[in-house]
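S.K.: next come a sequence and a model predicted from it.
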Amino acid sequence: MPKEPLSSTADEKFSLDRCKALADGVFAIVATLLVLGIDIPSDHNFSEQGLMVFLERIGFHLLIYGVSFWLAATYWVQHAAIMHYYRHGNRTVVWLNLLFLFPVTLLPFVTELKGEYRDEALVILLFGAVQILIGLALILLWNYSGSHPHLMSRTVEDAIRRRVTRRMFVSPVIISLVAIAVSFLSLHLGTLLFLSIPLYYLSHRELDLGWTDPGRKGE
């Protein structure tokens with residue numbers, strides 16, 4: 001019997017379960033590597049120098065760890081919210097997902113780099129560049145769905161899509177650019193400015209609407 005021709009949309013019915021599982025696994029590893037990157041001074045004597053001196057010595061590493069952890073957590077939440085809008089994926093969505101994960105995997109590297117070279121403004125430039133790449137990748141993943149509504153689980157109005165895009169562009173892209181500029185005046189202030197990225201996303205009502213079940217709006 002002759003085989004039935006493949007549907008023209010067969011390649012646009014990819015399940016995204018593995019993409020989501022890969023992202024969860026990457027973020028779990030990133031979080032683990034971040035905490036393992038805290039430099040523990042081997043020459044510290046707790047009996048003589050005590051706990052407070054120890055905390056003072058590792059204080060900057062703890063600060064950088066905290067900043068990077070909450071940045072990673074923010075990106076995970078943003079990615080999960082965006083992917084919840086997709087019912088299916090295609091090859092492009094898979095590659096966009098990988099494009100997003102690539103700079104995410106660099107977070108432990110630039111975090112450790114910042115911890116080792118805390119007085120170098122150029123290290124902040126690298127740190128901020130990674131945040132900008134992550135932000136742009138999220139924007140691409142979000143806006144791709146606009147031109148492929150058949151992949152979506154719900155309709156998104158153009159006005160809402162533009163507002164969400166602008167907000168993603170402000171954070172982390174614009175905030176990272178500001179933090180880089182400020183770091184050439186004050187390294188610590190430039191570093192702390194990156195914390196405004198997760199603070200900015202404590203509430204993202206329009207994007208989070210995608211996490212509700214479209215069939216249960218009345219509940």
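M.R.: Perfect, I can see it now.

S.K.: at the geometric centre of this structure, which residue do we find?
M.R.: residue 75 (2.4 Å; CA atoms, centre = their mean).

S.K.: just list the residues touching the residue lying closest to that residue once chain neighbours are set aside, thanks.
M.R.: Leaving aside its chain neighbours, residue 75 sits nearest to residue 134 (5.6 Å; criterion: CB to CB, 6 or more residues apart in numbering). Bear in mind the C-beta positions are built from the backbone N, C-alpha and C, glycine included. Shown in contact with residue 134 (CB atoms under 8 Å, 6 or more residues apart in numbering): 75, 100, 103, 104, 172.

S.K.: from the residues you listed, pick the one nearest residue 144.
M.R.: residue 100 (11.3 Å; CB to CB).

S.K.: in the host helix or strand of that closest one, what's buried?
M.R.: According to DSSP states H and E, residue 100 maps onto helix 91-105. Buried positions in helix 91-105, judged by neighbour count with 16 or more other CB atoms under 10 Å: 92, 93, 96, 97, 99, 100, 101, 103, 104.

S.K.: same question, stretch 165-184
M.R.: Under 16+ other CB under 10 Å, the buried positions of stretch 165-184 are 168, 171, 172, 173, 175, 176, 178, 179, 180, 182, 183.

S.K.: mind putting these in TSV, distance to residue 63, secondary structure and pLDDT included?
M.R.: Shown next, in TSV, are the buried residues of stretch 165-184 (distance: CB to CB, whole Å; DSSP: H, G, I helix; E, B strand; the rest coil; pLDDT from 0 to 100):
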residue	distance to residue 63	secondary structure	pLDDT
168	26	helix	90
171	20	helix	89
172	18	helix	93
173	23	helix	95
175	17	helix	95
176	17	helix	96
178	19	helix	96
179	14	helix	95
180	18	helix	94
182	16	helix	95
183	14	helix	91
